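**Student:** using only what follows, build the 3D model:
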Amino acid sequence: MSPKITNDLHDLLKDNIITAETAEKIKAYYSQKESGSEHKLYLIFGVLGAILIGLGVVLVFAHNWDNLSRLSKIILSFLPLLIGQFASGYSLLRKSENNAWRESSAVFLFFAVGTTISLIAQVYNIPGDLSSFLITWMLLCLPLVYLIRSSIVALLYLIGITYYACNTNYFSYPNAHSYYYWLLILGIVPHYIQLLRTNSQSNFTLFHNWFVSLSLLICLGTIAHRNENLLYLSYMSLFTIFYFIGESSFFKNLKLKNNSYLIIGKLGILYLLLLYSFKWFWDKSIYNTISAKDTFFSTEFLTAFLLTLFAAVLFYAKNSKTKFKEITIFDFVFLTNILPFISGYEFSLVANGIVLAIGIAEIKRGNTQKHLGILNFGLVIITILITCRFFDTNLSFVIRGIVFIAIGFGFFATNYIMLKNRNRNEK
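**Tutor:** From the prediction side, this is the model:
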């Protein structure tokens with residue numbers, strides 16, 4: 001505990017402001033807090049040390065690799081793996097409750113597996129591509145997540161399978177598809193659920209929330225085959241599902257930075273609605289597909305249908321608890337997957353109205369809750385919408401300038417009024 005806190009406690013006791021029992025509780029609180037900070041530092045430096053050692057070993061091998069015999073290459077190829085297994089075994093048997101030991105040894109073993117696979121393949125000239133290497137590496141390292149209870153390896157696994165999906169589909173399209181990704185991500189689900197149940201406020205859980213949501217967001221596009229223009233339907237449903245997850249009682253009680261689903265869901269919905277508001281967007285819409293059969297029986301449409309159905313289930317689950325009395329505009333957004341089939345060009349007008357309604361609703365909510373962040377978020381939405389409309393109109397620069405000046409004054413006025421009311425209430 002810092003000397004300043006100790007001196008402050010001594011003064012508070014001397015002036016009879018707090019009791020001795022309260023002082024002891026405060027000392028215990030700060031001692032535990034400082035101990036937790038030190039533990040985090042040990043964990044961070046331990047993992048960084050394991051990564052640097054692994055990279056150093058690889059560089060030493062690479063420098064002298066061509067001068068070694070085949071037997072020497074084989075021995076050195078398995079050496080990092082043996083060291084990693086020994087360290088992990090020691091962590092399990094002797095340091096099972098020490099997170100720094102477990103995470104550091106697991107991370108070292110994770111990279112050792114990848115190093116050994118690549119070196120042995122090089123020694124024996126085993127053919128293969130990056131995708132097959134990544135999927136083999138990730139599958140071999142997945143058990144580490146559960147045997148050593150390593151959350152960092154789980155995050156590295158998520159990065160690995162995401163890159164595998166991108167490399168297989170985006171970088172090699174249309175020669176291959178990475179459907180295995182959807183099976184691979186299921187392997188991390190039990191560990192993720194356990195983290196949410198036991199330690200929802202931890203940094204590990206925070207990173208898992210963001211990594212899982214971003215991985216799904218990036219890899220949803222891998223389902224594209226011949227009807228890529230239908231992907232926006234799937235993404236709208238995915239963003240809506242994220243929004244409903246973020247609005248659930250469990251995630252809503254978390255800090256905003258921990259609630260990646262709510263942040264990504266809301267921003268994604270607004271981005272797509274703004275995209276829908278442009279008439280040129282519908283020039284490449286579903287109406288340009290080859291035939292109705294190609295549209296309704298495509299992988300993209302079936303995926304969008306299933307995601308929309310799931311969003312409808314979450315809509316009912318969220319609002320049935322309040323007997324549908326607290327429905328927001330965001331709750332209805334998944335229905336926009338139906339409206340474009342009526343008339344895409346006319347739907348651009350509907351999208352403008354939805355975005356405007358969302359902006360006004362956020363301003364009203366911010367004003368009701370006396371929350372400047374929410375109020376300014378609503379103002380930003382309306383500002384972006386007006387800016388987008390400038391690209392669709394032939395208004396003069398003078399009129400555009402006047403509108404922006406008015407919006408700027410609106411920002412200042414609303415914030416000033418709210419701050420003034422807040423100060424008045426505090427008095």
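**Student:** contacting residues for residue 244?
**Tutor:** By CB atoms under 8 Å, 6 or more residues apart in numbering, the contact list for residue 244 reads 265, 311, 314, 315, 317, 318, 331. For glycine as for every other residue, the C-beta is placed from the backbone atoms N, C-alpha and C.
**Student:** show me where the stretch 151-300 of the chain has its strands.
**Tutor:** Along the stretch 151-300 of the chain, no stretch is classed among the strands by DSSP state E, counting those that start in this stretch.
**Student:** where does the prediction get shaky in it?
**Tutor:** 173-177, 283-294 (pLDDT under 70).
**Student:** run a quick neighbour tally on residue 327.
**Tutor:** 12 (other CB atoms under 10 Å).
**Student:** wait, residue 323
**Tutor:** Residue 323 has 7 neighbours, counted by other CB under 10 Å.
**Student:** what's the spacing between it and residue 316?
**Tutor:** Look at residue 323 and residue 316: by CB to CB, to the nearest Å, they are 12 Å apart.
**Student:** give me the common contacts of these two.
**Tutor:** Contacts common to residue 323 and residue 316, judged by CB under 8 Å, 6+ apart, are absent.
**Student:** and which of the contacts of residue 244 is nearest to residue 156?
**Tutor:** Taking CB to CB as the measure, residue 156 lies nearest residue 265 of the contacts of residue 244, at 25.6 Å.
**Student:** touching, that closest one and residue 243? I think so.
**Tutor:** Yes - the pair residue 265 / residue 243 is scored as a contact, 3.3 Å apart, by CB atoms under 8 Å.
**Student:** nearest spatial neighbour of residue 232, skipping sequence neighbours?
**Tutor:** Distances taken as CB to CB, 6 or more residues apart in numbering place residue 272 nearest to residue 232, at 6.2 Å, with adjacent residues excluded.
**Student:** ok, residues contacting the helix or strand hosting residue 311?
**Tutor:** Per DSSP states H and E, residue 311 falls inside helix 299-320. Residues outside helix 299-320 that contact it (CB under 8 Å, 6+ apart): 220, 223-225, 227-228, 230-231, 233-234, 237-238, 240-241, 244-245, 247-248, 295, 326-327, 331, 334, 337-338.
**Student:** do the same with stretch 188-201
**Tutor:** Contacts of stretch 188-201 with the rest of the structure, by CB under 8 Å, 6+ apart, involve 142, 145-146, 151, 154, 157-158, 202, 204-205, 208, 212, 250, 254-255, 258.
**Student:** tell me which residues in it are buried?
**Tutor:** 188, 191, 192, 195 (16 or more other CB atoms under 10 Å).
**Student:** so the second one versus residue 209, what's the distance?
**Tutor:** What it means is residue 191. 13 Å.
**Student:** next one: the last one
**Tutor:** The spacing between residue 195 and residue 209, counted by CB to CB, is 9 Å.
**Student:** that older thread, can you select the buried ones among the contacts of stretch 188-201 for me in PyMOL?
**Tutor:** Provided next is the PyMOL selection string for whichever of the contacts of stretch 188-201 are buried by 16+ other CB under 10 Å:
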select buried, resi 142+145+151+154+157+158+204+205+208+212+254+258
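**Student:** determine which two of the contacts of stretch 188-201 are furthest apart.
**Tutor:** Pairwise over these, using CB to CB, the maximum falls at 142 and 255, 29.5 Å.
**Student:** ok, now which ones touch residue 234?
**Tutor:** Applying CB under 8 Å, 6+ apart to residue 234 gives the contacts 220, 223, 300, 303, 304, 307.
**Student:** typo on my end, residue 156
**Tutor:** 107, 110, 141.
**Student:** and of those, the nearest to residue 364?
**Tutor:** Nearest to residue 364 out of these is residue 107 (CB to CB; 48.1 Å).
**Student:** which helix or strand contains the closest one?
**Tutor:** Using DSSP H and E, residue 107 falls within helix 99-123.
**Student:** so where's the stretch 1-150 of the chain shaky on pLDDT?
**Tutor:** 1-18, 20-67.
**Student:** please enumerate the helices of it.
**Tutor:** Counting by DSSP state H, counting those that start in this stretch, the stretch 1-150 of the chain has helices at residues 3-14, 20-64, 70-94, 99-123, 130-147.
**Student:** show me what the last one is packed up against.
**Tutor:** The reference is to helix 130-147. Packing contacts for helix 130-147, counted by 3 or more CB pairs under 8 Å, 6 or more residues apart in numbering; DSSP states H and E, involve helix 70-94, helix 99-123, helix 151-165, helix 180-184, helix 189-198.
**Student:** for residue 385, find the nearest of those.
**Tutor:** helix 151-165 (32.3 Å).
**Student:** report the separation between the residue nearest to residue 239 when sequence neighbours are not counted and residue 205.
**Tutor:** Spatially, and ignoring its direct neighbours in sequence, residue 239 is nearest to residue 268 (3.5 Å; CB to CB, 6+ apart). Using CB to CB, one obtains 22 Å as the distance from residue 268 to residue 205.
**Student:** one step back: now for the contacts of residue 244: which two are most distant?
**Tutor:** Across these (CB to CB), the longest gap, 15.4 Å, separates 265 and 317.
**Student:** quick revisit: give me the buried subset of the contacts of helix 299-320.
**Tutor:** Buried among these (16+ other CB under 10 Å): 220, 223-224, 227, 230-231, 233-234, 237-238, 240-241, 244-245, 247, 295, 331, 334, 337.
**Student:** where does pLDDT dip in the stretch 301-427 of the chain?
**Tutor:** 339-346, 392-404, 407-412, 414-427.
**Student:** swap in 80 and give it another go.
**Tutor:** Filtered on pLDDT under 80, the stretch 301-427 of the chain yields the residue ranges 337-349, 370, 372, 389-427.
**Student:** need the helices for it, in chain order.
**Tutor:** Using DSSP H, counting those that start in this stretch, helices in the stretch 301-427 of the chain cover 344-369, 372-390, 397-426.
**Student:** which one is residue 78 nearest to, not counting chain neighbours?
**Tutor:** residue 116 (6.0 Å).
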